[in-house]
Structures are given as C-alpha cells and as structure tokens.
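Student: Predicted model, plus sequence, below.
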Amino acid sequence: MSSLLGLVSCLLHLVILARCQDTSTLQPCVPQDDSGIIEISCKGYKKCDNNLVIEHLCDSSMVFDRDSFQCVDRISSVISCADRGQCNGKADGIYADEADKCETYVRCLGEAIIAHSYCPTKTVFSNAIQTCAFKDSVPPPCGTKTTNGTNTVVG
C-alpha cells in the first residue's frame, strides 16, 4: 500500500512539474520565410525546427552577422550591434537604429537595450508601423516614402 502511495505521489509531482515548465520554446513557429528563420538578432537567431523554436546564440565576445549568417568578431560585423545610447531618454518600446541605416532595431526597457535585432534583407524598420518594411513604404529618415506620392533617395 505504501509503495502505491509513493507511486501516486511521484506521478502527481511529475504532473505539477510538467505544468510549471517554461513553454516559450513550445509555442508554434511562425517563420519569416521558407528558411524557417523567426528572428535574427545581434546575439544569434531563432529558427523553426520540427515546429519547435530553436535558438542559436553566439559566444558573448561575438555578434551574429545577418549577411554571412555567422558569428563574427564585433569589429568584423557590417552592423555595429553596439549600445550607443539608442534608448537614452526614450520610453519603453521598439525603435529603429538609425546609425545602422535602420536595418536593425532596438527594444528599450528602462532606457536600456534589451534586444538588438535585424530586419530581413532589403527592409528597414519603420517606427510608425513598428515592423520592418521595404524602404519605399517607410518615411525618412529610414525609408524613401513621401506624402506627395514620389520617393526620395535617402543616403
């Protein structure tokens, strides 16, 4: 009888532990395209693999380069991924990193960067719509969209 109680107790603990596990990696994958990539950041990337989110991170001394799809030395990266005070004086939220030609964006919390992410290739971050979009649909300084229907070339 006591072994049966022990078994029931063990099973109950397993059920409780299963309900307390971190489910962030069990959420369904929503990739950007057929590559399975969900998000690319300065720290690495997240990819769908068998409908699970798998996170690939670089060593702390390196940054992830979107163009070469490799972890590289910070100096070798095309995008700086540096904290240059982009969140200073800003409310919590997501903002284009204009120093990186808006190809990246930062998530600010308490005036600190909590994430520095890339837009997909050939897109820039739009503060207005809070997502990455093609340059011709984003107003300056990040894009070329104008209100009169013509586009201007931005640096």
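Tutor: Ah, there it is.
Student: Strands of this structure, start to end?
Tutor: Chain-ordered strands for the chain, with DSSP state E as the definition, fall at 37-41, 44-49, 52-57, 62-65, 70-73, 93-96, 104-109, 112-118, 124-126, 131-133.
Student: Of all those, which one is nearest G143?
Tutor: Nearest of the strands of the chain to G143, taken as Cβ to Cβ: strand 124-126 at 5.7 Å. The way it works is simple: take the backbone N, C-alpha and C, and place the C-beta from them, glycine included.
Student: Point out where the chain drops to low pLDDT.
Tutor: Within the chain, the stretches with pLDDT under 70 are 1-28, 31-33, 78, 148-155.
Student: now do 90
Tutor: For the chain, the stretches flagged by pLDDT under 90 are 1-40, 42, 48-53, 60-61, 65-69, 73-86, 99-100, 120-121, 146-155.
Student: Need the winner for burial among the strands of the chain.
Tutor: strand 124-126 (a mean of 25; mean count of other Cβ atoms under 10 Å).
Student: isn't C71 right next to M62, touching?
Tutor: Yes - counting by Cβ atoms under 8 Å, C71 does reach M62; the two are 4.3 Å apart.
Student: ok, K135 - how many residues close by?
Tutor: 20 (other Cβ atoms under 10 Å).
Student: check contacts around the spatially closest residue to it that is not a sequence neighbour.
Tutor: Closest residue to K135 apart from its sequence neighbours, by Cβ to Cβ, 6 or more residues apart in numbering: G143 at 4.2 Å. Shown in contact with G143 (Cβ atoms under 8 Å, 6 or more residues apart in numbering): 102, 124, 126, 133-137, 154.
Student: Among those, which one sits closest to C58?
Tutor: C102 (22.5 Å).
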